[in-house]
Structure formats: C-alpha cells, structure tokens
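Novice: Build me a model:
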Amino acid sequence: MTTTTLAVLVPLLPFLGAVAGLLLGRTAPGFVRPLAVLPTLAALVLALLVAARQGGDQAVDAVTELTPTGSVPIELALHIDGFAALVAVLVGCVATCVQLYSTGYLRDDPRYPSYAALVSLFTSAMFLVVYSGDLMVLLVGWEIMGICSYFLVGHYWETPEARAASLKAFLVTKLGDVPFLIGLLALATETGSFRITRILGAVANGSIDHPTVIALLLLAGVAGKSAQFPLHTWLPDAMAGPTPVSALIHAATMVAAGVYFVARLLPLFEASRAAMVVLAVMAAVTMVGSALAALAQDDIKRVLAYSTIGQLGYMTGALATGDRGAAVFHLLTHGAFKAVLFLAAGVVIHAAGTNSLAAMSRMHGLRTRVPDAYWTMTVALLALAAIPPFSGFFSKESVLGSAEHVATGHTEHAPGAAGWTVLVAGLVAALLTAAYATRLWLLAFHGRGAEAPDHGRQPLVMNAVLWVLAIPSLALGGLAFRLLPDWFDGTDLTPTLTTSVLGTGVALVGGIVTYAAWRHTTALAARVPLGAVAAHPEADAGQVEAEAIASHTPAYGNVASAPDPADPGRLLLGPLHRHAAVGFHLDAVYSALFVRPVQAGASLVRFLDREVVDTYVSAAGALPRWLGAAVRRAQTGNVQTYVSALLAGTVVLAVAAVLVATGA
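Specialist: Predicted structure coming up:
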C-alpha cells in the first residue's frame, strides 16, 4: 500500500467511525465503544506508518482535481512533510487516549454515542487540516472542527453555562474566520492557486504584492482558532464541556490548528516584517496576560485553559522569530503534558466531587486518594513549568533560544524587535507559569478545603491513559532535540546555555516564591474553621461534572463550607488579583463595544418592524377591509330591496338626463 493511500485512510477511518456510531448508537449500543476507539486507533497506527515512510525526508505530495471550479482550482491535495507527519501522530495518540478515557469517564452518559461520534469527526477534521495540501480543503477541516467544538462544549446543553459557552466559542472563532477566509481568497487571487506548494513558490519568487494585508487577515483567523489575544476569551468558558473534550481541544486539535497553519505558510508571514512584529506582540501579550489570569483562577480547569493560551503564545512567539521547528517542537511536547493535565483533572473532578465551576481551594486530601493522578499531574506540571529534564524544558528553551538569536542579530528571519519582545515576554511568562503550576499542585493536592466523600477508585482505563501520556511528558523533549532536527528542516534544537540558565532560573524562582507564599498564607489561615460537608451520591465522573455545572456549586453540596483561605495567588498578585481573576475585564469590554450595540440595534430593528412596518402593512390592509365591509352591507339578499334600489337608480338617471337635456 502506497504512502498516499495510507495518508488518505488516516482521516477517512475516524470519519467512517463517526458515521457508523451515529447510525448504530440507538439500534446497537454495544458497538458504540468499539466504533469510537478502533477507527481512531487504526488511524494512529496508519499515521505512524506514514511518519515512518516519510522519515523527515522529501515531502510527500499527491493531487487530484475532481471537477473544475473556475479560474482558481480547488484540488484534493496531500502535502506531508516532517511537520505534518509528527503532528498527525500527536493527534492520533491524544485522540485515541481521549476515546479510551471517555469510555470510563462517560460510561453512564445517555448521550455517549453522539459524543463519541463527534469526537471521531473532530479527529478526522484535524487529520484533514494536517495532511491537506490545498487551503480550501484545509478550510473544510478547519470549519468542521468549529462546529464539532460547538456541540461538544455544549454537551451538557441542559445547563445555561454550557449553552452560553458553546455559542461563545462558535461566534468568537467565526469572528476570526471571516477575515481569514478573505485572506485565503486574496492569497489565491495573487498566486492563482490554493495549493500550499505553489503559494510558497510564489512567495519565494516575490510574486505576492500585498503580503502584509494578507498576513494580517490570516492572523485574525489564527487568533480566533488558537485562542490568542484578543480573541482568546472563548477558551476559558469552553471548560463547561466534558473534561475529555477539553483535553482533546487543548492538546491536539483546534487550538493547535492556527499555530500549525502559520508554520505551514511561515515564509508568507516572513515576507512582511510588520506582520512578524504584530505576531510577536500578540504572542507577548498572550503569554504574560494569560499567565497572570491563570495565577488568579480558583477553578482547576480554567487554570489549565489559561495555561493553554499562554503555551500557544510561546508557539506563536517562536513563529514570530521565524523558527517553525521550535514552534512545532513545543506543540508536540505541550500536546503530551497538557493532555495529562486535563485528563488528570478529570480524575480529580471525580475524587473531589467537584468540577470546573467549583474550586481548588475546596479540595482536600486528594494526594492519597488519587495517587495516579497525583504523580502523573506532578510530572506534567514540571513539564509545564519547564523544569529539566522534563519535555517542556527542551521545547520552551528552543523558543527562548530562537528569540535570543533574533534579538542579538544572529538571524534575519525576523526583525530584532520581534526577538526582544518574545524573549522578554517568554522569561516573564516562564516565571508566572512556574508560579501558577506550583499553586495548582499545592491547592489541589495539599489544600485544606472541605473534604468530599470518597467516590471510590476511578475506572482502570482512566488511570492507564494517564501513565501512557506521562511517558512522553517526561522523555519526549530529551529524545526529540537529538532525533528530530531532520524532521524540522534541520533546525538545531539543542538548548543554549544563556536561555537555559535564565529560563530555569526564573522558573525555580517562581515555584519557590509561590511555595513560600503558600506556607505564609497557610500559617495565617490555620485558625480558620472549615465547614461540614454534605454527602454526595455515588456517581461516575461525567455525572459529577454535569451536576456541578447545573448547580453552580461544589458537587459535594455545602457552599457554606468555606474554601481554603491559604491561596498564594492573592498574596502574589495583590490588588491585581481581582482584575486577573476576570480576565482583565476583556469580556466586559467586548460587551460594551460589540454586544450591547448589537443588542441595541436589534431592539431598534424590532421596534421599527413592529411599530412602523407592521403599522403600514396593517393600514394598507385596513382600507380594503373597510370598503369590503361597506359593500357587504349593501348585499342583503332581499329581492324587494334590490328592485327598489334599481327603480331609485333609474329615477335618478332619468332626472339627470332631463336636466342635461334642458341645459343643452
């Protein structure tokens, strides 16, 4: 079987699994779980074979045109280089783990068949984005992911939080997709093709007349899909969906799509120095702002959501320095440890009897109750904080090293301003990342909140998935920077001394200071009594999460049971805490600038429709109605009345005729 055939089967198998799952979900529920897991697992195996055959060498290209589409053809094209091969393996690995994990997490959910089918369709769409060599076909996968996220985030549609979150995710990403589509069309107009290889050839030949405009239009879509400032606000709210969905969206699909798109077309962005500076500023604001917001969140999944936004900022920062190797390297390592963090959070949800709408400060005694989640999340948090030798250290250091090279003038792929912006923001974000990672670990596993009843051990498959993903979180970075340069266009991923020392130093400072602040606040709060805890019935993790979303309270019941006041985030942020906790009021700004004016305009249109248009239409219909009523009164059905009226009319006509004749 050729490499092209294998690559075509990779997105096709999960798609067929999704269709079969939807068709058989009600009639043959016993087939739902195999149809969710096996096609995705088969796609992973095929993606591994494609990667092995591609081997980081010359890109695999194949193309066919099904039907003429006008002056700019749309073709079914594959373009599989080293980046695509590795990202597809990541997508397949995380998607398979999520499907396996979900069989235990949502084992009693009545809507599991539709959920599993949508996850399979989501996975198929991301595979299509990764392998596609034509931008219009890529856009199809891009938009399918958007609609799947709408349904998956709104899985618990009975609750207003889930409905609002799904709608917000859909609208904010669509807000970026409009200029994104315009940019694609403008790019195709100037190059005469949607094929990625031809577009890159046109860029190399200097055939793009307006690279800055096109690049900025495309960046709007990237900001929406990859949750970058200022279109990042949908991602924290998307935590209202099931936790495995969060792992899938954050680790390997959707939010990674924007970063991957820029990596595909990086020469186009490098053709505009202004676009590279804008990309660097966007990355810097995203990194620092999201890290501050994460440090103020009391919701374990919202902390992880803001963490994802910040780590994506590192990836876009690497792209702003012209190093797509560092960007994709961090995308791969981040996919591993962020999947562990979210899936471990799902175990914590079950054990603590709480969900994302509750609080880490209400957790107690989880270290001994969920040892698998504790140890795997510890590994993943160390990788997130970029502590050597964990994988995040090597990939994050490659980003900082690339920024240093640009800032010091060792490369001309990007302006020096972009390098300095990314380097400074990256170091500040490294300090804050270690701080909120340490805070999460302390509050979730060593806190003194109200203790929830023990729900028993989680299903074996959930804990097994955590350990499978913990292995690359620990070892991927150390192996990748030695083995994968050929896959990354020969990019040198070896850590440099300066940024390694700086990055690790600020991370250690952030962790140590946060631990000291926690000890201080713990001592002050030692005399604060904790409330009693209400009992919670036995339930699986998905039920616990759904019930907590619906009730707006900790699922273990007693809201009056005071949370653990030993929160180092409040001490570290000081007066900035209340602003960071609400995302620096960006939602309020959007509400004032866009939502309220649109609502006011809608109210005006409704008033004009009801009071003006409807009044005119009603009046236009009233006159004929009145005339009809008047004529109807003359139709009595009495023959004598008709004869009398006829004679009267005859007399009137006769008199009129005489008068006319006399006058004549």
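
Novice: Ser132 pairs with what?
Specialist: When bridges are called by DSSP bridges, Ser132 pairs up with Leu78.

Novice: Okay, the residue lying closest to Pro73 once chain neighbours are set aside and His350: tell me how far apart.
Specialist: Among residues not flanking Pro73 along the chain, Glu65 sits closest, at 5.7 Å (Cβ to Cβ, 6 or more residues apart in numbering). C-beta coordinates here come from the backbone N, C-alpha and C atoms, glycine included. Applying Cβ to Cβ, to the nearest Å, the value for Glu65 to His350 is 51 Å.

Novice: These two: which is more packed in?
Specialist: His350 (31 against 12; other Cβ atoms under 10 Å).

Novice: before we move on, the earlier item: which residues touch the residue nearest to Pro73?
Specialist: Counting by Cβ atoms under 8 Å, 6 or more residues apart in numbering, Glu65 makes contact with Pro73, Ile74, Glu75, Leu76.

Novice: now do Thr197
Specialist: Contacts of Thr197 by Cβ under 8 Å, 6+ apart are Asp61, His79, Gly133.

Novice: Local confidence estimate at it?
Specialist: Per-residue pLDDT puts Thr197 at 93.

Novice: Now do the same for it: helix, strand or coil?
Specialist: helix (DSSP: H, G, I helix; E, B strand; the rest coil).

Novice: Could you do Leu493 as well?
Specialist: coil.

Novice: ok, Asp567 to Phe594 distance?
Specialist: Taken as Cβ to Cβ, the span from Asp567 to Phe594 is 33 Å.

Novice: out of those two, which sits in the more crowded spot?
Specialist: Asp567 (25 against 11).

Novice: Skipping its backbone neighbours, what lies nearest the more buried one in space?
Specialist: Closest to Asp567 by Cβ to Cβ, 6+ apart is Ser361, at 5.8 Å.

Novice: Next one: that neighbour from Gly569, what distance?
Specialist: Distance from Ser361 to Gly569, by Cβ to Cβ: 10 Å.

Novice: same thing with Asp298?
Specialist: For Asp298 relative to Gly569 (Cβ to Cβ), the value is 8 Å.

Novice: Correct me if wrong: Ala77 contacts Val60.
Specialist: No. Look at Ala77 against Val60 with Cβ atoms under 8 Å: they stay out of range, at 10.9 Å.

Novice: Give me the more crowded residue out of these two.
Specialist: Neighbour count, other Cβ under 10 Å: between Ala77 and Val60, Ala77 has more, with 25 against 21.

Novice: Which one of Asp298 and Gly569 is surrounded by more residues?
Specialist: Gly569 (27 against 18).

Novice: how about the more buried one, secondary structure?
Specialist: Relying on three-state DSSP, one would call Gly569 helix.

Novice: still on that earlier bit, what about the residue nearest to Asp567, how many residues close to it?
Specialist: 21.

Novice: contacting residues around the residue sitting nearest the centre point of the chain?
Specialist: In the chain, the centroid-proximal residue (Cα atoms, centre = their mean) is Val255; its distance is 4.6 Å. Val255 makes contact with Lys225, Ser226, Ala227, Leu235, Ile249, Thr308, Leu312 under the criterion Cβ under 8 Å, 6+ apart.

Novice: Which parts of the stretch 151-300 of the chain are helices?
Specialist: Using DSSP state H, counting those that start in this stretch, the helices assigned to the stretch 151-300 of the chain run over residues 160-191, 196-204, 211-225, 234-237, 243-251, 255-264, 266-270, 273-296, 300-320.

Novice: Tell me which of those sits nearest to His446.
Specialist: helix 300-320 (13.8 Å; Cβ to Cβ).

Novice: Narrow the contacts of Glu65 to those in strands?
Specialist: Among the contacts of Glu65, the members falling in strands are Leu76 (criterion: DSSP state E).

Novice: any idea of the angle the strand or helix carrying Thr433 forms with helix 300-320?
Specialist: Secondary structure assignment for Thr433, by DSSP states H and E: helix 416-446. Interaxial angle, helix 416-446 versus helix 300-320 (axes from the mean of the first three to the mean of the last three Cα atoms, to 10 degrees): 160 degrees.

Novice: buried set for helix 416-446?
Specialist: Neighbour counts over helix 416-446 (16 or more other Cβ atoms under 10 Å) mark 417-423, 425-446 as buried.

Novice: One more: stretch 14-31?
Specialist: Buried, per 16+ other Cβ under 10 Å, within stretch 14-31: Pro14, Phe15, Gly17, Ala18, Ala20, Gly21, Leu22, Leu24, Gly25, Phe31.

Novice: swap in stretch 46-66?
Specialist: Under 16+ other Cβ under 10 Å, the buried positions of stretch 46-66 are Leu46, Ala47, Leu48, Leu49, Val50, Ala51, Gln54, Gly56, Ala59, Val60, Ala62.

Novice: Dump it to CSV, restricted to CA.
Specialist: The C-alpha coordinates for stretch 46-66 follow below in CSV (Å, rounded to 0.1, in the frame of the first residue of the first chain):
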residue,chain,number,x,y,z
LEU,A,46,-1.5,4.4,9.9
ALA,A,47,-0.2,7.8,10.9
LEU,A,48,2.8,6.1,12.5
LEU,A,49,3.4,4.2,9.2
VAL,A,50,3.1,7.4,7.2
ALA,A,51,5.6,9.1,9.5
ALA,A,52,8.0,6.1,9.3
ARG,A,53,7.8,6.2,5.5
GLN,A,54,8.2,9.9,5.2
GLY,A,55,11.1,9.8,7.6
GLY,A,56,11.7,13.5,7.7
ASP,A,57,12.8,13.4,4.1
GLN,A,58,11.3,15.0,1.0
ALA,A,59,7.6,15.9,1.4
VAL,A,60,5.0,13.5,0.1
ASP,A,61,2.8,15.3,-2.5
ALA,A,62,-0.3,14.0,-4.3
VAL,A,63,-3.1,15.8,-6.0
THR,A,64,-6.3,15.2,-7.9
GLU,A,65,-8.9,17.6,-9.3
LEU,A,66,-12.4,16.2,-9.1
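
Novice: Can you pull the poorly scored residue ranges out of the protein?
Specialist: 352-359, 364-365, 448-457, 478, 480-481, 525-565, 664 (pLDDT under 70).

Novice: mind running it again at 50?
Specialist: 355-358, 530-538, 552-563 (pLDDT under 50).

Novice: now the strands: where do they sit in it?
Specialist: Going by DSSP E, the chain shows strands at 60-64, 76-80.

Novice: Just put those in a markdown table and tack on distance to Tyr590.
Specialist: As requested, the strands of the chain are exported to a markdown table (distance: least, Cβ to Cβ, whole Å):
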| stretch | distance to Tyr590 |
| --- | --- |
| strand 60-64 | 42 |
| strand 76-80 | 37 |
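
Novice: among these, which is nearest Val465?
Specialist: Among the strands of the chain, strand 76-80 sits nearest to Val465 (Cβ to Cβ), with 27.5 Å.
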